[in-house]
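Trainee: Sequence plus predicted model, see below.
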Amino acid sequence: MNDAMRRAAAIALLILGGAALWSAGSEAPASASANDAMVATIAAARERAAANDPRLKPAWRFEEGGWIYVHLEGDPGTVGYQHGYLLAPEIEDGFAAVSVGMMHSTKRDWEFFRKAAREMLWPKIDAEYQQELQGIVDGLRARTGSKLDVYDIVAFNAFEELPDYYVPWLNKREKTANAPNLKSPGNCSAFVATGSWTKDGQIVMAHNNWTNYKNGERWRIVFDIAPKNGYRMLMDGFPGVIASDDDFGINSDGLMVTETTITQFEGWDPNGKAEFVRARKALQYGGSIDEYTKIMLDGNNGGYANDWLLGDRKTGEIAQLELGLKAYKLWRTKDGVLAGSNWARDTKVLKEDTPQFDANNKESSPNARRARWEELLNENKGKIDVALAEKMLGDHTDTAEKKEDTNERTLCGHVDGSPRGVREWDWQPYYPGGAVQGKATDAAMTKEMRIVARMGHPCGGDFLAKPFLAAHPEYAWQEPYLRDMKAGPWTEFRSGQAKKE
Ligand SMILES: [Zn+2]
């Protein structure tokens with residue numbers, strides 16, 4: 001047989017096969033519904049058995065103000081199991097939205113990320129977090145029969161560090177042809193203040209999370225975690241991810257933690273420890289600014305490089321840990337304010353870790369917001385409290401154009417309203433991203449393990465997907481995942497909180 005004949009025979013077989021399937025399909029309804037019924041019975045039995053699992057006893061979940069609150073408690077495997085079980089629908093949904101974005105921006109398939117998780121990240125993850133991650137898989141599978149395994153979950157946990165830190169480093173190293181223009185993200189506006197700057201002289205900390213709306217509208221979990229070892233934690237977070245990751249959290253030893261990312265950071269250490277593991281560990285075991293810093297530096301891989309804004313309510317001291325890979329710097333004070341909007345300031349970090357960043361361009365999002373923080377915080381020196389912090393997170397002053405606007409230069413970011421986008425992060429014009437939620441707390445609240453949080457734009461504005469996609473068809477690929485992001489009310493959450501009756 002020559003090639004043409006072989007192809008013709010193959011096509012004939014395909015057609016015959018298709019016809020056979022088609023004719024079988026026409027007789028199938030009775031057996032198909034019997035099969036569906038059997039699958040449903042098995043699923044119901046699995047859910048019943050899983051719901052009676054004793055590991056779920058100390059855990060609970062409820063929804064309020066657009067947030068999902070989960071209380072997790074126990075050893076690492078148990079905390080993971082509760083997390084996977086209680087948030088199973090949100091994990092499946094979040095995984096789908098996040099993984100499609102990771103593949104779209106990097107032009108890499110999912111197997112690439114699984115391999116990075118398995119070979120590079122997993123061996124360096126502390127045993128207790130390996131157990132917690134495996135627990136998430138077990139709880140998720142018990143509830144939904146999910147096919148996701150631990151390497152899917154590890155790659156997903158690293159969604160802030162693999163696509164925008166590891167991949168560009170790898171592309172450069174391997175001289176990848178037609179490599180996409182990947183940039184480290186610019187996430188968030190935040191500050192921490194203390195001493196003569198605040199109303200009561202104690203620490204106030206606030207943060208709004210900037211990310212694409214597709215991920216951001218899913219960033220709506222309040223985690224209350226009582227681990228077997230380490231401090232109790234209250235933090236916001238993403239379903240299926242063990243660190244806060246945006247980040248905002250407090251612990252029962254009085255440590256207060258938030259951050260903004262460093263714009264145009266470049267670098268990755270494949271032998272380092274995943275950032276999401278270090279960040280979670282530092283919140284769980286850091287009882288002081290020094291302990292926090294030590295854990296973040298241990299195995300620093302350069303992933304998701306941030307300016308960490310810290311407070312210790314026991315001493316009233318605040319700090320900024322600018323954590324580059326080649327360089328880092330720690331500033332600390334008991335009387336001052338430290339703000340972040342995605343710019344580095346240490347000369348060595350600027351030179352060695354962010355060689356492309358232009359600190360003098362007043363029109364860029366990071367620098368325009370930096371100027372606004374300076375104005376706003378100075379104007380309010382001595383008056384800063386949580387109520388004022390809530391207002392600041394929703395601020396709409398554009399310092400470059402000197403007017404009120406909703407765009408990429410306002411503390412409450414609305415990049416979908418900007419014809420410029422954000423070049424430094426490779427966010428194209430009208431990119432559907434910006435401030436997706438906000439949180440605040442102070443020293444007195446931290447003592448009682450309380451935070452306030454608002455889902456959606458901190459100003460209270462809504463993002464509506466349908467009119468946006470109609471006006472901007474270039475983002476049509478996000479259509480299956482992009483939803484309305486309607487703002488909820490500022491809502492208080494506390495450790496051990498039970499559902500409102
Ligand atoms: Zn706004």
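Mentor: Looks like it came in fine.
Trainee: So which residues on the protein come close to the ion?
Mentor: With the criterion set to CB under 5 Å from the ion, the chain comes near the ion through Cys412, His457, Cys459, Gly461. Glycine gets a C-beta too; all of them are placed from N, C-alpha and C.
Trainee: May I have the residues that are in contact with the residue of the stretch 151-300 of the chain found nearest the ion?
Mentor: The stretch 151-300 of the chain approaches the ion most closely through Asn208 (8.9 Å), counting by CB to the ion. Contacts for Asn208 (CB atoms under 8 Å, 6 or more residues apart in numbering) come out as 188-190, 393, 411-413, 435-439, 458.
Trainee: try 6 Å this time
Mentor: Contacts here follow CB atoms under 6 Å, 6 or more residues apart in numbering; on that basis Asn208 touches Ser189, Leu393, Ala435, Gly438, Pro458.
Trainee: My guess is the third one contacts Gly413. True?
Mentor: This means Ala435. Yes: applying CB atoms under 6 Å as the test, Ala435 and Gly413 come out as touching, 4.6 Å apart.
Trainee: who does Ile68 bridge with?
Mentor: Note on Ile68: beta-bridge partners by DSSP bridges are Glu63, Ile221.
Trainee: these two touch, right, it and Val222?
Mentor: No: here Ile68 lies out of contact with Val222, judged by CB under 6 Å, at a distance of 7.1 Å.
Trainee: Among those two, which residue is more densely surrounded?
Mentor: When neighbours are counted by other CB atoms under 10 Å, Val222 comes out ahead of the other of Ile68 and Val222, with 26 against 17.
Trainee: could I get the residues of the chain next to the ion as TSV with distance to Ala319?
Mentor: Shown next, in TSV, are those (distance: CB to CB, whole Å):
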residue	distance to Ala319
Cys412	25
His457	29
Cys459	29
Gly461	33
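Trainee: Which of the contacts of Asn208 fall within helices?
Mentor: Among the contacts of Asn208, the ones falling in helices (DSSP state H) are Leu393.
Trainee: and Trp219, what does it touch?
Mentor: Counted by CB under 6 Å, 6+ apart, Trp219 has contacts Phe238.
Trainee: Which strands or helices does the one helix or strand Ala453 maps to pack on?
Mentor: Element membership for Ala453, per DSSP states H and E: strand 450-455. Contacts defined by 3 or more CB pairs under 6 Å, 6 or more residues apart in numbering; DSSP states H and E place strand 450-455 against strand 433-442, strand 491-494.
Trainee: following that strand, which helix or strand comes up?
Mentor: Downstream of strand 450-455, the first helix or strand assigned by DSSP H and E is helix 465-471.
Trainee: Could you tell me how far that following helix lies from the centre of the chain?
Mentor: Chain-centre distance of helix 465-471: 24 Å, with CA atoms, centre = their mean, to the nearest Å.
Trainee: Also stretch 164-184?
Mentor: For stretch 164-184, the distance to the chain centre is 21 Å (CA atoms, centre = their mean).
Trainee: Which of Ala435 and Gly413 has more residues huddled nearby?
Mentor: Neighbours were counted for Ala435 and for Gly413 using other CB under 10 Å; Gly413 has more, 32 against 29.
Trainee: Skip the chain neighbours and tell me the closest residue to the more buried one.
Mentor: Distances taken as CB to CB, 6 or more residues apart in numbering put Gly434 closest to Gly413, at 3.5 Å, once the chain neighbours are dropped.
Trainee: correct me, but the one you found touches Ser418?
Mentor: No: between Gly434 and Ser418 there is no contact under CB under 6 Å: 8.8 Å.
Trainee: Between the two, which is the more surrounded one?
Mentor: Each of Gly434 and Ser418 has its neighbours counted (other CB under 10 Å); Gly434 has more, 30 against 23.
Trainee: got a list of what that one touches?
Mentor: With CB under 6 Å, 6+ apart, Gly434 has these contacts: Gly413, His414, Val415.
Trainee: at 8 Å what do you get?
Mentor: Trp210, Tyr213, Glu408, Cys412, Gly413, His414, Val415, Asp416, His457.
Trainee: and the nearest residue to Met392 once chain neighbours are set aside, what does it touch?
Mentor: Closest residue to Met392 apart from its sequence neighbours, by CB to CB, 6+ apart: Leu376 at 5.7 Å. Residues counted as contacts of Leu376 (CB under 8 Å, 6+ apart) are Met392, Asp395, Thr397, Leu411.
Trainee: tell me the two of these that are most distant?
Mentor: Largest separation among those by CB to CB: Met392 and Thr397, giving 10.4 Å.
Trainee: Residues in contact with both of those two, list them for me.
Mentor: Joint contacts of Met392 and Thr397 (CB under 8 Å, 6+ apart) are Leu376, Leu411.
Trainee: more neighbours, those two?
Mentor: More crowded of Met392 and Thr397, by other CB under 10 Å: Met392, with 23 against 19.
Trainee: For burial, what's the neighbour tally of the closest residue to Gln497 other than its chain neighbours?
Mentor: Nearest residue to Gln497 in three dimensions, chain neighbours excluded: Tyr69, at 6.6 Å (CB to CB, 6+ apart). By other CB under 10 Å, the residues close to Tyr69 number 23.
Trainee: Tell me who's in contact with Tyr69.
Mentor: Contacts of Tyr69 (CB under 8 Å, 6+ apart): Arg61, Phe62, Glu63, Ile221, Val222, Asp224, Phe493, Gln497.
Trainee: Much appreciated, bye for now.
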